[in-house]
Structures are given as C-alpha cells and as structure tokens.
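> Need the 3D shape of this:
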Amino acid sequence: MTASLNPGNSPGRSLADLLRALRDGDLEAVDLAAACLARIAAEEPEIRAFVHLDPAGALARARALDASRKAGKPPGPLHGLPVGVKDIIDTADMPTAYGSPLHEGRRPGTDAALVTRLRQAGAVIIGKTVTSEFATFAAGPTRNPHDKGRTPGGSSSGSAAAVASGMVPAALATQTNGSIIRPASYCGIVGFKPSFGLLPRTGILPQAELLDQPGFMTTDVQGAAVLLAALTEPGLLDASHIGSPALPRLAFVPGPYWDQVSPASRALIEAFVRSLGPEVERLDLPKSFAEASPALGDLLMHGLATELDVDYRRGRALMSPILVDLIERGQSIGDPALARARRLRETLRQEFAAIAAPFDALITAATTHVAGPFEAGTGDPILASIWTFLGAPSLSLPGLTLEGMPLGLQLVGREQGDADLLAAATWLEKRLSHWQP
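Coordinates of the predicted model:
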C-alpha cells in the first residue's frame, strides 16, 4: 500500500478492513502510518485538525509493531491502527495543553488510562487533535472538511475533522454536553459516546464529574464497535450480535427541544423515519425532560468554576470572554441548585430507563441544523444535552445531507445498552446508505 492511500474514507476500506489487513500481514503498520502522515501533510494546512504531530514516533511505533507480528507475537485488537487523541487527554510522550495558552507546552508525566489501553491494544498514536479552549465553546482553528468556511463543531473539533478528511481512521474524543455528537454530525462521520462510566476518565481534563464522558470518532458503526470492544474492560460488552440482520426495536423521540431544530432538518429526519415503516412508533418524553439542559448547565458551569479555579485566578486575562463568563456564572451557583440538578438527574434516569427498556435505539436529531459559518462559533449542543445528562449511550450516524452538507441522525440507547445501540445503528446505517428523500 502506497503513501497516497486515503486511509480513513477510501471506498471499501473500513476500520475493520484495515485491522484485518494489518493483522494478516497484507498491510504493514508502517505503510499505513506513512499513508496517514502523507494525508495529513496534504490536508492539514487548510483543515488544521492537529495541534501536535509526532511523525518519527508514529513510524517507530509502527515498525516495532510490524517486527513483533513478524516474530510471531499475537497482535492486539487495534494492531497498527493510527489514532488521533484529543488535546485534553494526557499523553506522556506529547504535550497536552487543553487548547489554552495557559498550558502551552504542558507535558504530563503519564498517559491517561484510555491512552494506556490504546497502546496496549496496539494502536499507533499519530498526534494530538485540536480542542476548543478547555473543551468549552471558544473555537480552535479547525475547519470543516466539507466546507472550510464552516465550523466542524466543538469541542472535539480536531478529532472529527481528522477522521472526516481521512487523516486517521479513528480519534479519541470527549463529551460533557454535545462535544462528540455535534462535531460528528457536522463532519459526516460516526461519533459515539458510550454509557457513562464505561470508559475510564483518569488523565482526562475534568469539567463536571457527573457529565464528563470519553468516546471516539470513526468512519462507520462497525469501527465504533471494534474500538469499544478493545477499550472496555473484558466481559463488560457483549458485541456478538452487532451486524445481525435482525430488525431492531426502534422509536422516534423528537424530544423537548425539537422546536429548536430547523424546519428543513425536521422534515428530512421525519421523512427518513417514515421510510422505516409503521413499526417505528413516536414517543413523546414527559415535560420534565425539558429541565435537563438547564440542570446540565448548572452542573457544568459549577464544575468549570471548581476545576479551573487556579487557572482563572492566575490567568483570567488569557481566557476567552465566553469561558470567563461560564466560570463566573458557575461561581454563583450554590448548593441548593446543585442538589436540585442531581436529584433531577436521578429522577430522569429512572424515568428514562422505563421509557427506553422496550427499545434497542431511539431516533432523534443530532444537531439543530447543518454546520454554520466558522465565525459564528461551534454550534448549539442542546440536542445532545438530555442524553449526556442521563449518561445514556448516544451515537451520531451519518447519511443525511442538507444544503450540500452532512446532517447526523442521533441514536440513543438504554444505559449500559451500548451493544444493542450499536447493533441498531449498524442496521440503520445500511438503510441510510440506500435511502433517497
């Protein structure tokens, strides 16, 4: 395989295909790493998905993996797979600066737990992807690969753009509100946020203890399933039925923020849902679920005020106005408001468990519309807020197009129902690939 390969989105070359070729020796890890680096060299000047690259380290790691396989050692589940890592996730051999000048050049002493698992599984870390400032709303320089005048979303902007442009087949991301789902929708890739607590958070910038959730970006649902199986603790995930042709149990859930979705986006999503047949029923959530976004806001802003207190006191002048505003609003949120938010979270989680129990996946909108102009910011995360608040697994599925731009379809599962969600997403992925509005 030559260095001209577009590894992420070459037709017919899925993440699982790449891993099979790497494992069988039909593709050498060093060739795939070189192909990714060549793609980055071609695309990065305009897209700006990476804040740090380590070509020499990536190629050395890939050569070592090739030598290990040739020596007869069993390859790991992610053997030779090039991966980008969001710049709020610690890497011992690369800087982790949180998208802020306050931490420029920061070198963590150890890898984040998730990075350790990546390395143990045989992945090749290509570099660190751009994040919004402290993973909030002040955008980095990354552009949307589909239209460089538009935002890729945030805060996992670099991870989404790197996968969408074929620089890497996968990237680690995080979500505390809508930071996986929104960029994945805007960039036309799969973004998957597993159930709360399924992946480790040690070594990842903390924002809000009940909300921070790592996940990843990839090009297809099977790739997300492979990554999840490789990065969870053994025995936590039964993925044996993912890819089954069995009809999943689905429902359409507009949700309390449906009126904030653009009319054109609503019409497109509803048309696709109708095409699935009458078996897909419509569910309306109780009115109490509309309180999720404000409660999430209280937990998030208080968390930012707490976690970034030292940075705020020593470097407020180097923070963006929007971050300063979030921190200062968080400083005024007292214990009664936090207690109300926590009680609401537990109440809604119990209610949602009963609502979601009969289904493998709930279908809803991922974003209010397609990606907007770069100068207008990273977009509104509100369509992901409920599911982040509840800790439910969620996935942005590409396949819809509006105004010449991708529009993700959000799928939500039961808490700890990640395998059922991925199985339903695989089935819907095939339907979307043949559907015409």
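> Could you give the bridge partners of the nearest residue to Thr218 once chain neighbours are set aside?
Once flanking residues are discounted, Thr218 sits nearest to Ala170: 4.5 Å by C-beta to C-beta, 6 or more residues apart in numbering. All C-beta atoms are positioned from the backbone trio N, CA, C, and that covers glycine. Under DSSP bridges, the beta-bridge partners of Ala170 are Val83, Thr218.
> what residues are up against Ala170?
Leu15, Leu81, Pro82, Val83, Gly84, Val163, Phe216, Met217, Thr218, Gly223, Leu227 (C-beta atoms under 8 Å, 6 or more residues apart in numbering).
> what is the rounded mean pLDDT of stretch 35-54?
In this model, stretch 35-54 has a mean pLDDT of 97.
> Give the buried residues for it.
35-40, 43-44, 47-54 (16 or more other C-beta atoms under 10 Å).
> Check the residue nearest to Thr218 and give its pLDDT.
With respect to pLDDT, Ala170 scores 98.
> And the contacts of Ala170, which is closest to Gly72?
For the contacts of Ala170, the minimum distance to Gly72 (C-beta to C-beta) is 20.3 Å, reached by Leu81.
> for the residue nearest to that closest one when sequence neighbours are not counted, phi and psi?
Leaving aside its chain neighbours, Leu81 sits nearest to Ala123 (4.9 Å; criterion: C-beta to C-beta, 6+ apart). Torsion angles at Ala123 (phi, psi; degrees, to the nearest 10) stand at phi -70, psi 160.
> and if you look at the one 10 residues further on?
Dihedral angles phi and psi of Glu133 (degrees, to the nearest 10) take the values phi -50, psi 120.
> Would you quantify the distance from the residue lying closest to it once chain neighbours are set aside to Ile88?
With sequence-adjacent residues excluded and distances taken as C-beta to C-beta, 6+ apart, Glu133 is closest to Gly99, at 4.7 Å. Gly99 sits 7 Å away from Ile88, going by C-beta to C-beta, to the nearest Å.
> Overlap of the contact sets of these two?
Thr131, Phe134, Ala135, Ser155.
> Tell me which of those fall in helices.
Among those, no member falls in helices (DSSP state H).
> got a winner among those residues for most neighbours?
In terms of neighbours by other C-beta atoms under 10 Å, these top out with Ser155 at 34 neighbours.
> In this structure it contacts Thr378, no?
Yes. In this structure, Ser155 is within contact of Thr378 by C-beta atoms under 8 Å, at 7.1 Å.
> Spit out the residues that contact those two alike.
Counting by C-beta under 8 Å, 6+ apart, the residues touching both Ser155 and Thr378 are Ser132, Phe137, Pro183.
> before we move on, back to that, so which of Gly99 and Ile88 has more stuff around it?
Taking neighbours as other C-beta under 10 Å, Gly99 and Ile88 compare with Ile88 leading, 31 against 26.
> Surely that one touches Tyr98?
Yes. Counting by C-beta under 8 Å, Ile88 touches Tyr98, with 5.3 Å between them.
> any common contacting residues for those two?
Residues touching both Ile88 and Tyr98 comprise Thr131, Phe134, Ala135, Leu205, with contact defined as C-beta under 8 Å, 6+ apart.
> any chance of the residues you listed in CSV, plus pLDDT and distance to Glu281?
Shown next, in CSV, are the shared contacts of Ile88 and Tyr98 (pLDDT from 0 to 100; distance: C-beta to C-beta, whole Å):
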residue, pLDDT, distance to Glu281
Thr131, 98, 39
Phe134, 98, 41
Ala135, 98, 36
Leu205, 98, 40
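> For stretch 381-392, list the C-alpha coordinates in PDB.
This file holds the C-alpha atoms of stretch 381-392, laid out as PDB (Å, rounded to 0.1, in the frame of the first residue of the first chain):
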ATOM      1  CA  PRO A 381     -25.200  21.400  21.700                       C
ATOM      2  CA  ILE A 382     -28.700  21.200  23.100                       C
ATOM      3  CA  LEU A 383     -29.800  18.200  21.100                       C
ATOM      4  CA  ALA A 384     -27.200  16.100  23.000                       C
ATOM      5  CA  SER A 385     -27.800  17.700  26.400                       C
ATOM      6  CA  ILE A 386     -30.500  15.300  27.700                       C
ATOM      7  CA  TRP A 387     -28.600  12.200  26.800                       C
ATOM      8  CA  THR A 388     -25.300  13.500  28.300                       C
ATOM      9  CA  PHE A 389     -27.200  14.500  31.500                       C
ATOM     10  CA  LEU A 390     -28.600  11.000  31.800                       C
ATOM     11  CA  GLY A 391     -25.400   9.200  30.900                       C
ATOM     12  CA  ALA A 392     -27.100   7.200  28.100                       C
END
